[in-house]
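> Dropping the sequence and predicted coords here.
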Protein chains: 2
Amino acid sequence: MGIAERREREKHNLRQEILDAASELFAREGYANVSMRKIAEQIEYSPTTIYLYFKDKTDLLKQICEETFGKLIETVAAIERAGVGEPLDCLRKGMRAYIDFGLRHPYHYEVTLITPLAGAINQEDYPYEGSAGQQAFEYIVRQVGRGMELGQFRPGDVATVSQAIWAAIHGVTALMISHPDFPFVDREALIEQVVEMTIKGLQS
Amino acid sequence: MGIAERREREKHNLRQEILDAASELFAREGYANVSMRKIAEQIEYSPTTIYLYFKDKTDLLKQICEETFGKLIETVAAIERAGVGEPLDCLRKGMRAYIDFGLRHPYHYEVTLITPLAGAINQEDYPYEGSAGQQAFEYIVRQVGRGMELGQFRPGDVATVSQAIWAAIHGVTALMISHPDFPFVDREALIEQVVEMTIKGLQS
DNA sequence: CTGTTAGATTAACACTGTTAAGTAGGTTTT
DNA sequence: AAAACCTACTTAACAGTGTTAATCTAACAG
């Protein structure tokens, strides 16, 4: 019924319209539970029209996620601009920002960082180089590097330490998203514990 | 009356046969890529026969995972039996065992601990209480409790600290499984870093 | 021989992502 | 103005999914 009614309405913003509709549906119902037909119904177009603008479902997802993770980079960049003084404090704030971001965008975090295996999203089509995720990770690397140079952190391999930090914050974020029914202690306390425990483990 | 027993045994055999076939397929090709029809073909029965023994696909998965995680518990129990002396060392060994287990059974780890959300496996049908996963977690709780009593660990809430530890080891395990193409540093070095960083962060 | 029952099957439903082919509407060319 | 072309979109279909209802078959009990 929507097809005829829609005709007079918009035309060229269709790509963005698809993106917006899919983004909201993915975030609300989860990637796996949203079909192409459901997206199409939402925007009042035929399902196949989506394929004129996106290669396939994972492509659609990838575009949305890059968009979403752009926000994380903004947040992180703002932290870096604000306080260049203490790498330890920058790191702490960066870790919290990362976790908060994940918990605020659970479905986007899920599809990009928790379950890329199943969705086969991390193919050669979507290189890691230059991606939003990488840029966020590089932030950690910079802080660790500075912290070691200043002698605030125990010496070690910067890359190894950075990835270990990433593992820690990913761990708590992923657990909270994937296991919403698990009897976690107070969430804020748990995040605090992970962040402080990690930093304590780094200090010299 | 021997006939009834034989039938009972045969029924049990088929159940196990399904379980074995599904387990191997899930582990090799991934849960999402294995259809009920594929499992049926493997055991040379009609697809619907599986439904006589298992409620649905997630039920099948759940049974397999409990079975698999039983092995983790065995490993962990062996550690506990072996060295009751140092809680710090027990914890270290437990963490490594956990990570190693995950990396050795990546698909089982994935479906139970990384992506239970999508599969909707952690419903009320499958309570956490008494599950293999819980028993493994309880091991961590015991070591942390002992470590604090002995004054080896910084004082704190045992549950919070335990969950933070779990988050850390889950993080590195999940990342390595979900992002096989990520340019990780040497895996062993990364695991070492996570474990030692975490323990360092706990010590008083 | 009849009735019952457990175990397995066939057919079907309502979905999924995706592709090939076809069709209106407007623009350009002849 | 008519014919050709092109873009944007749609319809129909394919091959697959998990799952259910109805059906068949063989072995049992009375």
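Now that the structure is in, tell me what you want to look at.
> CA atoms for contacts and neighbours, from now on please.
Noted.
> Ranking helices and strands of chain A by mean pLDDT, which lands last?
Least confident helix or strand of chain A, by mean pLDDT, DSSP states H and E, is helix A:2-6 with a mean of 41.
> How about the helix or strand following that one and DNA strand C, any contact?
Next helix or strand after helix A:2-6 toward the C-terminus (DSSP states H and E): helix A:14-29. No: Helix A:14-29 is not in contact with DNA strand C by Cα under 7 Å from any atom of the strand; minimum separation 10.6 Å.
> Which helix or strand lies directly C-terminal to helix A:14-29?
helix A:36-43.
> Where is the longest helix in chain A?
What stands out as the longest helix in chain A, according to DSSP state H, is helix A:57-82.
> Quick one: list the elements packing against that helix.
helix A:14-29, helix A:87-104, helix A:132-149 (3 or more Cα pairs under 8 Å, 6 or more residues apart in numbering or on different chains; DSSP states H and E).
> could these be laid out in TSV, adding distance to B:Tyr109?
Below are these laid out as TSV (distance: least, Cα to Cα, whole Å):
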stretch	distance to B:Tyr109
helix A:14-29	24
helix A:87-104	21
helix A:132-149	24
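> On the pLDDT front, check the residue in chain A that chain B sits nearest to for me.
Nearest residue of chain A to chain B: A:Gly171, at 3.4 Å (Cα to the nearest Cα). Here the pLDDT value assigned to A:Gly171 is 98.
> if we can go back for a sec, just send the helices and strands packed on helix A:57-82 back as CSV, with mean neighbour count too.
Shown next, in CSV, are the helices and strands packed on helix A:57-82 (neighbours: other Cα atoms under 10 Å in any protein chain shown):
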stretch, mean neighbour count
helix A:14-29, 17
helix A:87-104, 20
helix A:132-149, 19
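> give me the residue from chain A nearest DNA strand C.
Going by Cα to the nearest atom of the strand, DNA strand C is nearest to A:Ser35 of chain A, at 3.1 Å.
> thinking again about what came up before, need the three-state assignment for the residue of chain A closest to chain B.
Of the three states, A:Gly171 takes helix under DSSP: H, G, I helix; E, B strand; the rest coil.
> who touches the closest residue to it other than its chain neighbours in this structure?
Once flanking residues are discounted, A:Gly171 sits nearest to B:Gly171: 3.4 Å by Cα to Cα, 6 or more residues apart in numbering or on different chains. The contact partners of B:Gly171, by Cα atoms under 8 Å, 6 or more residues apart in numbering or on different chains, come to A:166-172, A:174.
> Same question for A:Ala40.
If you count contacts by Cα under 8 Å, 6+ apart, A:Ala40 has them with A:18, A:46-47, A:49-50.
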